[in-house]
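In: Generate coordinates for the sequence data below:
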Amino acid sequence: MSQLAKFLSWCFAAAAFVFGWMFLANLRYIPYFLHLGAAAFHGPQAAMTVWLALLPPVAAVVYATAWWTTRKTAAHASAWAIAASILNILLGLIPLLLFWRFPAGGRVFISLAIPALLLLFTGVAGVVVFSRCDVLPQVAAQAPRSSRRPGDGTSGLVDIAVQLGGIAAVLAGLFWLGPWGEARGLPPSLGLWFWVELFAADLFVVAVHELGHTAVGRALGMRLRAFTVGPFRWHIREGQWTFQFQPANILSLTGGSAGLVPTRLTDSPWREVCMIAAGPAANLCLGLAAMGAMFAAKGRPWEPAWQ
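Out: As a prediction, this is how the structure comes out:
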């Protein structure tokens with residue numbers, strides 16, 4: 001049950017990211033929607049217009065708070081998690097109700113069927129899981145302890161700042177890429193296919209990062225004992241490589257590891273430094289190559305996949 005709680009917590013994080021991006025991408029249109037709802041519509045139509053304008057920021061706050069409190073097992077974590085789960089259920093019901101009410105738009109609503117069913121599943125599961133009083137203590141007991149030591153030169157605040165900076169950079173890139181591609185007539189990736197492509201791209205980026213560690217580590221004489229990319233894990237067990245699929249990490253798109261160990265106790269620390277730096281260096285090279293492909297996408301075979 002604690003593994004399912006961790007999975008649902010990461011679902012809240014993913015939902016907070018999606019709705020936060022929606023809010024920033026459409027920020028300039030919110031005053032227009034609010035004015036339109038007040039001036040052009042009355043009664044339920046006006047309420048619906050205002051609700052659609054306010055949904056992304058409100059949902060982002062609810063999901064982000066649910067993720068943070070369950071991650072830290074803070075006070076009222078169960079209440080926030082249940083609120084986010086109920087929001088999942090409500091959002092999952094919307095496409096199904098629209099399909100029932102407007103069957104003529106079936107093709108559009110069918111494309112939303114899988115996300116709607118996923119929302120319903122995670123919503124119902126979240127209400128059931130987080131209604132139990134013993135789940136969050138189990139999650140807290142299984143949480144990894146920090147290995148940070150006083151005077152080791154590391155900083156929790158720097159870690160948080162780097163993570164927030166990365167998230168801000170991703171959101172800014174998404175906010176900028178859409179208008180840039182539209183101005184150049186590049187085809188957008190919409191609907192469910194966008195999220196499939198995003199999931200595959202994130203796994204590919206993590207794989208390249210870990211392969212960078214692995215390639216340099218092996219070149220320096222280290223031995224590979226485990227390799228993890230998102231929910232996929234390969235490790236040596238009883239002298240043989242075995243594969244393990246970890247459903248709890250299915251949304252941990254940035255999670256990965258390369259278990260490399262030195263073969264000599266006299267290895268220089270610089271070997272480990274080079275192995276560690278190889279991962280970010282591989283991502284930097286991949287990013288530069290992807291940026292070049294993106295700027296040259298118009299008229300190229302990869303134009304449909306520019307985003």
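
In: Mind jotting down where the helices sit in the stretch 101-250 of the chain?
Out: All helices of the stretch 101-250 of the chain, identified by DSSP state H, counting those that start in this stretch, fall at 106-110, 113-130, 135-142, 156-183, 191-219.

In: The protein: strands as residue ranges?
Out: 223-229, 232-237, 240-245, 256-261 (DSSP state E).

In: Ok, which of the helices of the stretch 101-250 of the chain comes nearest Trp80?
Out: Nearest of those to Trp80, taken as CB to CB: helix 113-130 at 8.8 Å. Every residue, glycine included, has its C-beta placed from N, CA and C.

In: tilt between that closest one and helix 191-219?
Out: On the basis of axes from the mean of the first three to the mean of the last three CA atoms, to 10 degrees, helix 113-130 is oriented at 70 degrees to helix 191-219.

In: Now do helix 113-130, average pLDDT.
Out: Taken as a whole, helix 113-130 has an average pLDDT of 82.

In: circling back to that earlier point, could you say which of the helices of the stretch 101-250 of the chain is packed most deeply?
Out: helix 113-130 (a mean of 18; mean count of other CB atoms under 10 Å).

In: Could I get the CA-only coordinates of it as CSV?
Out: Below are the C-alpha coordinates for helix 113-130, written out as CSV (Å, rounded to 0.1, in the frame of the first residue of the first chain):
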residue,chain,number,x,y,z
ALA,A,113,-10.8,8.6,-22.9
ILE,A,114,-7.4,7.1,-21.7
PRO,A,115,-6.4,10.2,-19.7
ALA,A,116,-10.0,10.3,-18.3
LEU,A,117,-9.8,6.6,-17.2
LEU,A,118,-6.4,7.2,-15.7
LEU,A,119,-7.7,10.1,-13.7
LEU,A,120,-10.6,8.1,-12.5
PHE,A,121,-8.4,5.2,-11.5
THR,A,122,-5.9,7.4,-9.6
GLY,A,123,-8.7,9.3,-8.0
VAL,A,124,-10.5,6.3,-6.7
ALA,A,125,-7.3,4.7,-5.6
GLY,A,126,-6.2,7.9,-3.9
VAL,A,127,-9.4,8.2,-1.9
VAL,A,128,-9.1,4.6,-0.8
VAL,A,129,-5.4,4.7,0.0
PHE,A,130,-5.1,8.0,1.8
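
In: thinking again about what came up before, distance to Thr70 for the helices of the stretch 101-250 of the chain - can I get that in CSV?
Out: Formatted as CSV, these follow (distance: least, CB to CB, whole Å):
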stretch, distance to Thr70
helix 106-110, 31
helix 113-130, 8
helix 135-142, 7
helix 156-183, 17
helix 191-219, 22
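
In: Compare these and say which comes out lowest on pLDDT.
Out: helix 106-110 (a mean of 53).

In: can I get the strands of the chain in TSV with mean neighbour count and mean pLDDT?
Out: Output for the strands of the chain, formatted as TSV (neighbours: other CB atoms under 10 Å; pLDDT from 0 to 100):
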stretch	mean neighbour count	mean pLDDT
strand 223-229	18	91
strand 232-237	15	88
strand 240-245	10	89
strand 256-261	19	88
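
In: Quick one: end-to-end distance for stretch 264-275.
Out: 15 Å (CA to CA, to the nearest Å).

In: Show me how far that stretch is from its chain's centre.
Out: 33 Å (CA atoms, centre = their mean, to the nearest Å).

In: what do you get for stretch 16-24?
Out: Averaging C-alpha positions (CA atoms, centre = their mean) puts stretch 16-24 11 Å from its chain's average.

In: got the CA coordinates for it in CSV?
Out: Extracted C-alpha coordinates of stretch 16-24, given in CSV (Å, rounded to 0.1, in the frame of the first residue of the first chain):
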residue,chain,number,x,y,z
ALA,A,16,0.8,20.0,-10.7
PHE,A,17,3.4,20.3,-13.5
VAL,A,18,0.7,20.0,-16.3
PHE,A,19,-1.7,22.5,-14.8
GLY,A,20,1.1,24.9,-13.9
TRP,A,21,2.2,24.8,-17.5
MET,A,22,-1.3,25.3,-18.7
PHE,A,23,-1.7,28.3,-16.4
LEU,A,24,1.6,29.9,-17.5
